[in-house]
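Enquirer: got a predicted structure plus its sequence, pasted below:
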Amino acid sequence: MNDQKISVEQRVGEAGEGAKVTGVELNVYSYFKARPAHLRRSFDALMRDKLRGFVGRQFVFDAVNGFLDTHDSGYFVIRGVPGIGKSALMAKLINDRGFVHHFNIASQNIRSTRTFLENACAQLIERYGLEIDEIPHRAFDDGGFLVQCLSEAAADPENHPVVLAVDALDEADRLGMAAAVNTLYLPFSLPEGAYIVATTRPLDDPRLSVAEMRVLDLEADSEGNLQDITTYIEAYVEREGMQARLSAWGVSAEQFVAALRAKSQGNFMYLYYVLPAIEEGRFVEGTLDELPEGLMAYYRRHWRQMREGNESAFDKVYEPIVCILGVAQEPVTAQQIANWTKLQQGQVKESIRLWREFLEEERVDGEGRFRIYHASFQDFLKEQVDLVRYDDMIADYYLALARLGEE
Ligand SMILES: Nc1ncnc2c1ncn2[C@@H]1O[C@H](COP(=O)(O)OP(=O)(O)O)[C@@H](O)[C@H]1O
Ligand SMILES: [Mg+2]
């Protein structure tokens, strides 16, 4: 039953020309809207980004389908390290199947339980035409209203399976929540016909206690993952710019694919950075063997290269600026960074240019706002630098402002 695609309204009207912004065409489901509309979060930009060049993952989708087919309800949790491709496969699943969905994105400050509940409930109401005329008072103070929406949606067997997809439980905020409470107030048990498909990085304590759960470990060195990694590299090697690199190194496509598969350690984020860097000729000096071993080594290499011969500028300018971005709770402007670090705007802009590869820019009212592109780079920064100093730097700035206000 689940192999069938739910009928899709192809994107034509609504988004008009914007549909093919980056070459990735998203399916448009009328129920990706929400009621009330203002509670809806759109993840179109994220999904487009993650779907670019997407390959494989059939073994994961088969496992999800198998679970939906054989269980009356329950949680299917996909667990894997940062960069292995959890968010990307969620984007694919959601775009193919039209699941009601939510992505937690800490660096965009989309991580609160309330935001999740509002978005999930509003999508369920619209998607299943629930007869809820008015959202109850305090509906998002606990998990009760979400269960009500799921129950009403699943009350009609025609709607089964009712699936809610939730990405990155580990990026959700647990501030002020008792230890026994589930992350995002996710319910202990789900009504018949209702399922939650979620992803998380491996955590010592996942803070999720539920009646029915199956965990799929997306292992970096598993056959399925390595097969997808291989497919991705093989496709990339076909690109025109790559042939010259391979002949400069004197390696065959097969040797290259095998080497990159090993170097990537099964991590897609590594390929996302390293393949374009090779194509641009940033590794022309040195041999294939000298490519960094794994994602963290790639980050370390960039760090070392930026510092070499620039120690003073690096310590006083480049490092503080990237570290401030590492602790910022949401996308920030160059001006904000300048205020917090007490550096010049010009220095901030120069640093942003040097770290650009690891940053994402969004434009709000014509102004650029920056954030770290991927959580794995934040992990790297934490390993490299004591970030507490930078938290303090931001706090001190606002304390000083408050004091000024009092004077
Ligand atoms: N199956 C895939 N096919 C192609 N690219 C992928 C795939 N999975 C991940 N990627 C790329 O690797 C990057 C990291 O993946 P992501 O889904 O963000 O990892 P995670 O959520 O596990 O930390 C993404 O930005 C995406 O571009
Ligand atoms: Mg992710």
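Expert: Happy to help now that I have it. Ligands and ions are numbered 1, 2, ... in the order given.
Enquirer: give me the residue from the stretch 151-300 of the chain nearest ligand 1.
Expert: Distances between the stretch 151-300 of the chain and ligand 1 by CB to the nearest ligand atom are smallest at residue 268, namely 3.4 Å. For the C-beta atoms, the positions are set from N, CA and C on the backbone; glycine is no exception.
Enquirer: the closest residue to that residue other than its chain neighbours: how many residues sit nearby?
Expert: Nearest residue to residue 268 in three dimensions, chain neighbours excluded: residue 85, at 4.3 Å (CB to CB, 6 or more residues apart in numbering). Residue 85 is flanked by 31 other residues according to other CB atoms under 10 Å.
Enquirer: residue 188 versus residue 85, what's the distance?
Expert: For residue 85, the distance to residue 188 equals 29 Å [CB to CB, to the nearest Å].
Enquirer: how about residue 389?
Expert: Remark: distance between residue 389 and residue 188 (CB to CB) = 41 Å.
Enquirer: what's near enough to touch the residue of the stretch 151-300 of the chain closest to ligand 1?
Expert: For residue 268, the contacting residues are 83, 84, 85, 88, 229, 232, by CB atoms under 8 Å, 6 or more residues apart in numbering.
Enquirer: what's the one helix or strand the fifth one maps to in contact with?
Expert: Assigning secondary structure by DSSP states H and E places residue 229 in helix 223-237. Residues outside helix 223-237 that contact it (CB under 8 Å, 6+ apart) are 53, 55-57, 59-60, 84-85, 218-219, 242, 246, 253, 256-257, 260-261, 264, 266, 268, 271, 275.
Enquirer: which of those residues count as buried?
Expert: Taking 16 or more other CB atoms under 10 Å as the criterion, what is buried in those is 55-57, 60, 84-85, 218, 242, 246, 256-257, 260-261, 264, 266, 268, 271, 275.
Enquirer: what's the end-to-end length of stretch 182-194?
Expert: 18 Å (CA to CA, to the nearest Å).
Enquirer: my bad, should have said stretch 276-286
Expert: Using CA to CA, first and last residues of stretch 276-286 are 17 Å apart.
Enquirer: any idea which helix or strand carries whatever residue of the chain ends up closest to ligand 2?
Expert: Nearest residue of the chain to ligand 2: residue 87, at 3.2 Å (CB to the ion). Per DSSP H and E: residue 87 is located in helix 86-97.
Enquirer: what's that helix packed up against?
Expert: helix 44-51, helix 58-70, strand 74-79, strand 100-103, strand 162-167, strand 194-200 (3 or more CB pairs under 8 Å, 6 or more residues apart in numbering; DSSP states H and E).
Enquirer: using TSV, please lay out those together with distance to ligand 2 and mean pLDDT.
Expert: Below are the helices and strands packed on helix 86-97 laid out as TSV (distance: least, CB to the ion, whole Å; pLDDT from 0 to 100):
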stretch	distance to ligand 2	mean pLDDT
helix 44-51	8	91
helix 58-70	14	97
strand 74-79	10	97
strand 100-103	8	96
strand 162-167	6	98
strand 194-200	7	98
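Enquirer: residue contacts, the residue lying closest to residue 103 once chain neighbours are set aside?
Expert: In this structure, residue 103 finds its nearest non-sequential neighbour in residue 167, 4.3 Å apart by CB to CB, 6+ apart. Counting by CB under 8 Å, 6+ apart, residue 167 touches 86, 87, 90, 101, 102, 103, 104, 198, 199.
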